[in-house]
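Enquirer: After the sequence you'll find the predicted model.
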Amino acid sequence: MPNQLNDPLLRPFRALRPAQGREGEIVAPPYDVMNTAEAREMAADKPWSFLHVSRAEIDLDEDADPYSDAVYAKAGENLQKMVDAGLLVREVEPQFYVYRATMGDHVQTGIVGGASVRAYEDGRIKKHELTRPTKEDDRVNQIEAVGAQTGPVFLTYRANADLAAIYADITANPPLLEAGHGDGVLHQVWGVNEPDTIQRILGIFTDMDALYVADGHHRSAAALRVAANRRGDNADPNASHESFLTVSFPDDEVLILDYNRVVKDLNGMDVQGFLAKLEADFEITPVDGPVGPEHPASFGLYVDRRWYVLVLKTPPGEDADPVQRLDVSLLTDHILTPILGIGDPRTDNRIDFVGGARGLDGLAKRVDSGEWACAFSMYPTGLGDLMAVADADQIMPPKSTWFEPKLADGLVSLVLD
């Protein structure tokens, strides 16, 4: 059923983007996938890397607080330098962009647009994670300091044949921008400035039931706070602060990897005692090699230099609560809390989370180092499960999803006029 407010979930906007041919000097990984030391190394000998905007502490003393006013001011200064030097240019008219990310054999094609802040407030752009005020504060301060939203929020929508046809037509032409930043992903952008096509896209996103935040909950929450601060007497829904920068992909192209766990100790048990406890709820099978679970309600366990397959004896039914039937919830409810004594996974320092891109060997290495006692490999959370949780207005457990490829910073920014 189309939304009842006759308001598009996504709008065109006058983007700030690299001048053609300069994108390779600018494009950078998202700000939150590295620490300051890594950002310094990545930006070394790259004076126009967007990391000088997104992680501006790299241009200050090594002991600079990354959340200080000086860092945010430096970010604004660095962005303005890129504009003044002609490396970043502002579009004359509002438009959309088609965005394609290619990682090996995986290709996903979506659209860059300004998502409606009002729709986010109304729950038509749905979230599934809690946010931390300190991280929101950081993004609010960054947005206000640079006068733009420079980090896109990753959205997804239920696949739409009309949009797919538009993308296919547009991407038959050479891209406007094309770059990578060393992680093996090719990012390509095509401008969508033909008025009839813009209107077709607007119509599709007006009729959509919902968009879903996949990755970028702090950025979207920060955009809402910025809009609320700027509204005052300005109720114009087309004001720049009423949109936030997004890239939206169809759900049938989005790739979710496993998000695995390591635990510091066995809660006072030896390995045999731990396995004996697991037998109450799980079928346990020792195996010779690394275990990537092949279906939900099953897990890989690495402990004492040995891999095991764990299969839950009584998995939840289809009608179970959408959060409680998630594998991350099953692991917590059957193992982490009752057996290993893990409290809140958001705050307990006895547990850590390892993105699936690091591989199963990476899990084993952390345990073999002696720093961690055991590791659990997970079956990836399905996008349908994520949407079911969001549709139910519930919150996913922490570290439930790991999306790849990550979106690039610096290709398209939304200026707050």
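Expert: Good, I have the coordinates. Residues are numbered from 1 along each chain as shown.
Enquirer: what pairs with the residue nearest the centre of the chain across the strands?
Expert: Central residue of the chain (C-alpha atoms, centre = their mean): residue 215, 2.5 Å from the mean position. Taking DSSP bridges as the rule, residue 215 bridges to residue 154.
Enquirer: if I look at it, how far off is residue 33?
Expert: Here residue 215 is placed at a distance of 11 Å from residue 33 (C-beta to C-beta, to the nearest Å). For the C-beta atoms, the positions are set from N, CA and C on the backbone; glycine is no exception.
Enquirer: what residues do these two have in common as contacts?
Expert: Common contacts of residue 215 and residue 33 (C-beta atoms under 8 Å, 6 or more residues apart in numbering): residue 406.
Enquirer: Show me where the stretch 1-150 of the chain has its strands.
Expert: All strands of the stretch 1-150 of the chain, identified by DSSP state E, counting those that start in this stretch, fall at 10-11, 15-18, 88-90, 96-103, 106-116, 125-126, 148-149.
Enquirer: Adding distance to residue 220 and mean neighbour count, write the ones you listed out as TSV.
Expert: TSV is the format used below for the strands of the stretch 1-150 of the chain (distance: least, C-beta to C-beta, whole Å; neighbours: other C-beta atoms under 10 Å):
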stretch	distance to residue 220	mean neighbour count
strand 10-11	13	23
strand 15-18	18	24
strand 88-90	23	17
strand 96-103	17	22
strand 106-116	8	23
strand 125-126	7	22
strand 148-149	10	26
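Enquirer: Out of those, flag the one nearest residue 400.
Expert: With C-beta to C-beta as the criterion, residue 400 lies closest to strand 125-126 of the strands of the stretch 1-150 of the chain, at 14.9 Å.
Enquirer: mean confidence for the closest one?
Expert: Per-residue pLDDT values over strand 125-126 give a mean of 96.
Enquirer: With stretch 201-211 instead?
Expert: 96.
Enquirer: before we move on, what about stretch 312-327?
Expert: According to the model, stretch 312-327 has a mean pLDDT of 92.
Enquirer: Residue numbering should commence at 53 henceforth.
Expert: Sure thing, new numbering starts at 53, so read that last one as stretch 364-379.
Enquirer: Ends of it, what's the gap?
Expert: In stretch 364-379, first residue to last residue: 10 Å (C-alpha to C-alpha, to the nearest Å).
Enquirer: Same check on stretch 364-381?
Expert: 12 Å.
Enquirer: Please state the offset of it from the chain centre?
Expert: Its chain's average C-alpha position is 24 Å from that of stretch 364-381, according to C-alpha atoms, centre = their mean, to the nearest Å.
Enquirer: Let me see the ranges of the strands in the stretch 353-469 of the chain.
Expert: Per DSSP E, counting those that start in this stretch, the stretch 353-469 of the chain carries strands over the ranges 358-364, 403-407, 426-429, 454-456, 465-467.
Enquirer: closest to residue 290 out of the strands of the stretch 53-202 of the chain?
Expert: If we rank the strands of the stretch 53-202 of the chain by C-beta to C-beta, the stretch that ends up nearest is strand 62-63, at 7.6 Å.
Enquirer: what's the average pLDDT for the closest one?
Expert: 96.
Enquirer: contacting residues around it?
Expert: For strand 62-63, using C-beta under 8 Å, 6+ apart, the contacting residues are 146, 148, 163, 165-168, 253-254, 257, 263, 290, 295, 298, 300.
Enquirer: One more: stretch 289-296?
Expert: 59, 63, 65, 165-170, 172, 201, 205, 271-272, 275-276, 278-279, 282-283, 288, 466-469.
Enquirer: Quick check: mean pLDDT of that stretch?
Expert: 91.
Enquirer: Could you do stretch 224-232 as well?
Expert: Here the average pLDDT along stretch 224-232 is 96.
Enquirer: Return the set of buried residues in it.
Expert: Of the residues in stretch 224-232, 227, 228, 229, 230, 231, 232 count as buried by neighbour count, 16 or more other C-beta atoms under 10 Å.
Enquirer: sorry, back to before: let me know whether the residue nearest to the centre of the chain touches residue 205 as I believe.
Expert: Yes: between residue 267 and residue 205 there is a contact under C-beta atoms under 8 Å: 7.4 Å.
Enquirer: hmm, back to that, can the buried residues of stretch 224-232 go into JSON lines with extra columns for secondary structure?
Expert: JSON lines is the format used below for the buried residues of stretch 224-232 (DSSP: H, G, I helix; E, B strand; the rest coil):
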{"residue": "227", "secondary structure": "coil"}
{"residue": "228", "secondary structure": "coil"}
{"residue": "229", "secondary structure": "strand"}
{"residue": "230", "secondary structure": "strand"}
{"residue": "231", "secondary structure": "strand"}
{"residue": "232", "secondary structure": "coil"}
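Enquirer: can you tell me which of those residues lies nearest to residue 390?
Expert: Using C-beta to C-beta, the buried residues of stretch 224-232 come closest to residue 390 at residue 232, 45.2 Å.
Enquirer: Now do the same for residue 55: its pLDDT.
Expert: The model's pLDDT for residue 55 equals 43.
Enquirer: name the helices or strands packed onto the helix or strand hosting residue 270?
Expert: Using DSSP states H and E, residue 270 sits within helix 269-283. Contacting helix 269-283 under the criterion 3 or more C-beta pairs under 8 Å, 6 or more residues apart in numbering; DSSP states H and E are the following elements: helix 169-174, helix 185-198, strand 205-209, strand 295-302.
Enquirer: please redo it, this time with the cut-off set to 7 Å
Expert: In terms of contacts (3 or more C-beta pairs under 7 Å, 6 or more residues apart in numbering; DSSP states H and E), helix 269-283 is packed against helix 169-174, helix 185-198.
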